[in-house]
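Participant: Any chance you could fold what I've pasted below:
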Amino acid sequence: SFANWVCRAQDEIYGRTPFDIMPAEVAAFLRPILARAQEGENVAYERIGGRPDGSRRWLHGRIAPDLDAAGTVRGLYCTEYDIHDLKLTEQALAAREEQLRLFTDNIPEPVVYLDDERRYAFVNEAYVELTGLSRERVIGTPSSHDGEDGPLTVDSFVQRALAGESVTYERPAVDAQGRPRWLRAKIVPDFKFDGTIKGVYVVGHDITDLKQVQDALAARESQLRVIMDGVPAPVAYIDRDEHCHYVNRTFLQYFGLTA
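Facilitator: Next comes the predicted model:
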């Protein structure tokens, strides 16, 4: 294979240096790598190389020194193999990951991905803004510390999702500006092709405004009940289907009923 690659017969190769038979650009690339190997270092590298048919392919090379009993380098073992398809796949995957990040960073709600050890593998820009933490600080850390849940994640629910259950819950949180917030989170398991779980997606939704409206409504209803219970006459609210929705204390006492 090497002889075919350099387009020379084997007899023309033996006894000559690599720099005599390799193209000039390849020799220039390999010269410092071979020098490191001659110092006793195992070296790996990747490069794009030309083939006799004119095509160019990604190659992975390894150079290992051959040491004698005294540790002196007496030669080098050099191998290269084609990784072009793997490299193209890696590049396509990197492009897809970049597209995914661009998409998720434009989602206004926090999104995180936890691996099967409950460590952060991905967070979007909305999560960074919510917590005030950098990606570098978050990625690789566990979602809970010393029994404390993360800003978006609740460990008991994460464990249920890692067991295969989709979970939705609400929880209070404090954002990067110190403001109290309410978040509704959904955790969805990420299944492998064989049915095992490799991690979970967690998507949060800020429901602070909804909670404030619900609290205000509950307060108004409580105030109304206090007022109506103070009315000395029986009072009831009956809908169009003739079902009671509310009665005051005097109504219950008058008819001897419970709510």
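
Participant: count of residues packed around residue 71?
Facilitator: By other Cβ atoms under 10 Å, 8 other residues sit near residue 71. For the C-beta atoms, the positions are set from N, CA and C on the backbone; glycine is no exception.

Participant: Which residues lie in contact with the nearest residue in space to it that is not next to it in sequence in this structure?
Facilitator: Closest residue in space to residue 71, ignoring its immediate chain neighbours: residue 40 at 7.4 Å, by Cβ to Cβ, 6 or more residues apart in numbering. Applying Cβ atoms under 8 Å, 6 or more residues apart in numbering to residue 40 gives the contacts 65, 67, 71, 73.

Participant: For the host helix or strand of the first one, enumerate the helices and strands it packs against.
Facilitator: Counting by DSSP states H and E, the element that carries residue 65 is strand 56-67. Helices and strands in packing contact with strand 56-67 are listed as helix 24-38, strand 43-50, strand 73-82, helix 84-105; criterion 3 or more Cβ pairs under 8 Å, 6 or more residues apart in numbering; DSSP states H and E.

Participant: all strands for the stretch 151-259 of the chain, in order.
Facilitator: Listed in chain order, the strands of the stretch 151-259 of the chain (DSSP state E, counting those that start in this stretch) span 167-174, 180-191, 197-206, 236-238, 244-247.

Participant: Pick the most deeply packed of those.
Facilitator: Neighbour counts (mean count of other Cβ atoms under 10 Å) averaged over each of the strands of the stretch 151-259 of the chain peak at strand 197-206, with a mean of 19.

Participant: what sits against the residue lying closest to residue 174 once chain neighbours are set aside?
Facilitator: Spatial nearest neighbour of residue 174, excluding adjacent residues (Cβ to Cβ, 6+ apart): residue 180 at 5.9 Å. Contacts for residue 180 (Cβ under 8 Å, 6+ apart) come out as 172, 173, 174, 208.

Participant: Per-residue confidence, residue 180, what does it come out as?
Facilitator: The confidence metric pLDDT takes the value 90 at residue 180.

Participant: Distance check, it against residue 110.
Facilitator: Plainly put, residue 180 is 16 Å away from residue 110 if you go by Cβ to Cβ, to the nearest Å.
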